[in-house]
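Q: Based on what follows, work out the 3D shape:
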Amino acid sequence: MQIALGQTVISSDGQKLGVIERILLNPGDNVVEHFVVHHGITLQDDLLVARLEIERVDTDGVHLTLDAEATKQLPRFDYSFAVTDTEALDLAASSPFQGMIFFPSIPTTTLDLPLEQAAQVKRSESESDPEQPNRTPGVVIGKGADVVTADGQRVGYVIEVEYGESGTLETVTAQTGLLRHHRLVVLADQIAEISDEKIELNVPAEILPLLD
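A: Numbering: from 1, shown residues only. The predicted structure is shown next:
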């Protein structure tokens, strides 16, 4: 499934809820878990929506399985929370990517909990419980994040991600060019580091597929 950052999110009863602002990945298995939907005026109103709540994507936007009333129970994304530097290093060591910025994610089965409660789940508990793989910090891909190649060249900014049926990240699409826009497709295994504002690649620009 392809999800464009900035795409409109629509409830099952046709209400526009906001736009996709960020995408959260599980750093352990590179799976898309949640989407941050910019909702309202301030960041404090941004909603955290589980990938499994997406019913379909079409030209109108991203359609959820939840109606507008049910989305009022969704947790808010906490922009202030981040793990310590030491914890980040420990987590990155076992991750397919290195040097990531980590933010909290919560299990799909507890989306009715306030995000503050979900963030209090101890990392030791999630590591000891194989049945709760989602109780790990998430990796954030932000709207408009720069894409930088292995030789330090900025080639564009993120506009879209694609993931498979199981949620595994497959590609990231970047838009490049000032006057005449093109799109560059980056495979997941070509990504070296991810942060909210930048994706660093392990390949040079010339091998990336260029689309019109």
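
Q: Go ahead and name everything in contact with stretch 174-181.
A: Stretch 174-181 has contacts (CB atoms under 8 Å, 6 or more residues apart in numbering) with Val147, Val155, Gly156, Tyr157, Val158, Ile159, His182, Arg183, Leu184, Val186, Leu210. In short, each C-beta sits where N, CA and C put it, glycine included.

Q: Wait, the fifth one touches Val140, no?
A: If I follow you right, that is Val158. No: taking contacts as CB atoms under 8 Å, Val158 lies outside contact range of Val140: 11.2 Å.

Q: give me the low-pLDDT residue ranges for the protein?
A: For the chain, the stretches with pLDDT under 70 are 41-43, 79-138, 178-179, 212.

Q: ranges for the helices of it?
A: Remark: helices assigned in the chain by DSSP state H are 68-71, 85-93, 115-118, 123-128.

Q: How many residues are close by Gly177?
A: Neighbour count of Gly177, defined by other CB atoms under 10 Å: 12.

Q: Quick one: neighbours of Gln2, just the number.
A: 12.

Q: Which residues are in contact with it?
A: Gln2 neighbours (CB under 8 Å, 6+ apart): Val57, Glu160, Val161, Glu162.

Q: For the nearest residue to Thr8 once chain neighbours are set aside, list the residues it contacts.
A: Setting aside the residues directly before and after it, Thr8 is nearest to Gly61 in space (CB to CB, 6 or more residues apart in numbering), at 3.4 Å. Applying CB under 8 Å, 6+ apart, we find Gly61 in contact with Gln7, Thr8, Val9, Ile10, Lys16.
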